[in-house]
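A.B. asks: just coords:
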Ligand SMILES: *Cc1c(COP(=O)(O)O)cnc(C)c1O
């Protein structure tokens with residue numbers, strides 16, 4: 001148990017909703033209430049029947065509209081979150097060798113998956129120090145480029161570009177970007193994510209927006225000699241998604257919350273609206289940190305700063321863990337930095353479900369705590 005001083009925040013420095021975690025992240029109360037009201041017609045019912053299939057369909061059509069996907073792109077789903085998708089991609093999307101931009105915990109985990117896969121060559125890894133991002137480099141020896149739109153562990157976002165116009169796949173981990181950072185579908189072949197981050201739903205599912213070239217690659221590898229566990233078989237996931245189903249039982253509440261969230265965003269102005277809101281909320285935190293006498297933005301280059309996960313560093317004499325502990329005792333939760341990085345830092349998710357006003361209250365609360373330590 002962390003010990004921290006007993007500092008009580010005044011009421012006007014406690015946001016109405018204190019959830020600032022980067023995932024699972026704030027789920028809108030309206031969506032949770034909606035699940036409570038209408039849940040009995042879907043929760044506890046067969047996922048092979050129309051009501052749950054309609055949910056899957058709503059998710060597919062909603063994401064298609066949110067991303068303005070070309071007609072020949074497909075929305076594919078499976079169980080297991082982005083972590084399972086890495087394994088699936090190592091079987092069904094990487095032909096022989098991939099190139100990875102590695103700049104934090106999540107982008108590095110995909111590298112580990114590929115390195116351990118006996119059927120793949122050692123990947124090419126382009127690294128950069130935490131707090132920055134590298135760029136992919138065209139290489140005719142690789143058949144897939146692995147990018148991470150937003151490195152959730154460090155709060156760094158990278159631009160998504162297609163390094164070559166050959167048939168190499170561009171695979172983008174968009175877990176904390178999807179629903180909050182704009183992207184041109186022409187730049188990717190698989191844009192995959194879990195729904196418990198910017199999309200304000202719950203975990204357990206992966207979703208991938210797939211280009212026609214990705215479908216061709218999946219079919220090519222499915223027809224090859226390579227063995228693939230059925231659970232990770234993207235050909236099977238594709239067949240099921242086309243029928244508004246998943247291979248095995250999905251978390252129905254996750255699908256419901258996701259469908260509601262995507263439609264909520266569409267009603268308010270779609271991806272551009274959501275992206276602007278996240279940029280405004282994070283922008284407040286970055287401006288506050290830049291002006292602060294004690295804290296500063298961890299990501300030095302403003303062009304690398306994530307609009308959805310803002311990381312703020314503290315000097316040695318102020319323990320970020322202590323500040324985070326006081327915040328938690330006051331109902332402001334999950335502001336800790338990514339443990340494995342060992343930085344004296346707080347990390348605030350500024351996904352579209354966090355109103356910009358909450359960021360103002362939050363930074364005032366941090367100032368209040370630090371003044372009283
Ligand atoms: C959270 C996260 C993941 C892992 O998601 P799971 O749903 O836990 O599998 C992968 N990549 C990024 C960028 C993430 O933020």
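C.D. replies: Arrived safely. Source: prediction; values computed, not measured.
A.B. asks: got the contact list for the closest residue to residue 173 other than its chain neighbours?
C.D. replies: Leaving out its chain neighbours, the residue that sits closest to residue 173 by CB to CB, 6 or more residues apart in numbering is residue 148, at 4.4 Å. Just so you know, the C-beta spots here come from the backbone N, C-alpha and C atoms, and that holds for glycine as well. By CB atoms under 8 Å, 6 or more residues apart in numbering, the contact list for residue 148 reads 101, 103, 104, 106, 107, 110, 158, 172, 173.
A.B. asks: and the ligand, which of these contact it?
C.D. replies: Checked against the ligand using CB under 6 Å from any ligand atom, the contacts of residue 148 yield the following neighbours: 106, 173.
A.B. asks: Make a markdown table out of the contacts of residue 148 and add pLDDT.
C.D. replies: As requested, those are exported to a markdown table (pLDDT from 0 to 100):
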| residue | pLDDT |
| --- | --- |
| 101 | 98 |
| 103 | 98 |
| 104 | 97 |
| 106 | 97 |
| 107 | 98 |
| 110 | 98 |
| 158 | 98 |
| 172 | 98 |
| 173 | 98 |
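A.B. asks: Which residues of the stretch 101-250 of the chain lie near the ligand?
C.D. replies: Selection of the stretch 101-250 of the chain residues close to the ligand by CB under 6 Å from any ligand atom yields 106, 148, 152, 173, 175, 176, 194, 197, 203.
A.B. asks: Let's see which of those end up in strands.
C.D. replies: Among those, the members falling in strands are 148, 173 (criterion: DSSP state E).
A.B. asks: Tell me which two of the residues of the stretch 101-250 of the chain next to the ligand sit farthest apart.
C.D. replies: 148 and 203 (18.2 Å; CB to CB).
A.B. asks: ok, and the most crowded of the contacts of residue 148?
C.D. replies: When the contacts of residue 148 are compared by neighbour count (other CB atoms under 10 Å), residue 173 ends up highest, at 28 neighbours.
A.B. asks: give me every residue that touches that one.
C.D. replies: Residues counted as contacts of residue 173 (CB under 8 Å, 6+ apart) are 82, 86, 106, 107, 110, 146, 147, 148, 149, 192, 193.
A.B. asks: between the residues you listed, which is nearest residue 212?
C.D. replies: Of the contacts of residue 173, the one sitting nearest to residue 212 (CB to CB) turns out to be residue 192, at 16.3 Å.
A.B. asks: ok so, going back, can you add distance to residue 92 and give the contacts of residue 173 back as a markdown table?
C.D. replies: What follows is the contacts of residue 173, written out as a markdown table (distance: CB to CB, whole Å):
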| residue | distance to residue 92 |
| --- | --- |
| 82 | 15 |
| 86 | 11 |
| 106 | 20 |
| 107 | 20 |
| 110 | 14 |
| 146 | 14 |
| 147 | 18 |
| 148 | 19 |
| 149 | 21 |
| 192 | 12 |
| 193 | 17 |
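A.B. asks: Give me the neighbour count for the single nearest residue of the stretch 1-150 of the chain relative to the ligand.
C.D. replies: The nearest approach of the stretch 1-150 of the chain to the ligand comes at residue 81, 2.7 Å away (CB to the nearest ligand atom). The local packing of residue 81 (other CB under 10 Å) involves 21 other residues.
A.B. asks: Wait, it touches residue 206, no?
C.D. replies: Yes: counting by CB atoms under 8 Å, residue 206 is a contact partner of residue 81 at 5.4 Å.
A.B. asks: can you list residues touching both of these two?
C.D. replies: Common neighbours of residue 81 and residue 206 (CB under 8 Å, 6+ apart) are residue 194.
A.B. asks: so how far does stretch 139-151 reach from one end to the other?
C.D. replies: One end of stretch 139-151 to the other measures 23 Å (CA to CA, to the nearest Å).
A.B. asks: what separates it from the chain centre, distance-wise?
C.D. replies: Offset of stretch 139-151 from its chain centre (CA atoms, centre = their mean, to the nearest Å): 17 Å.
A.B. asks: Let me know the average pLDDT across that stretch.
C.D. replies: Averaging pLDDT along stretch 139-151 gives 98.
A.B. asks: Please point out which parts of that stretch sit buried.
C.D. replies: Across stretch 139-151, burial judged by 16 or more other CB atoms under 10 Å covers 142, 143, 144, 145, 146, 147, 148, 149, 150, 151.
A.B. asks: isn't there a strand covering residue 289?
C.D. replies: No: counting by DSSP: H, G, I helix; E, B strand; the rest coil, residue 289 is located in no strand; its state is helix.
A.B. asks: residues near it, how many?
C.D. replies: By other CB under 10 Å, the residues close to residue 289 number 21.
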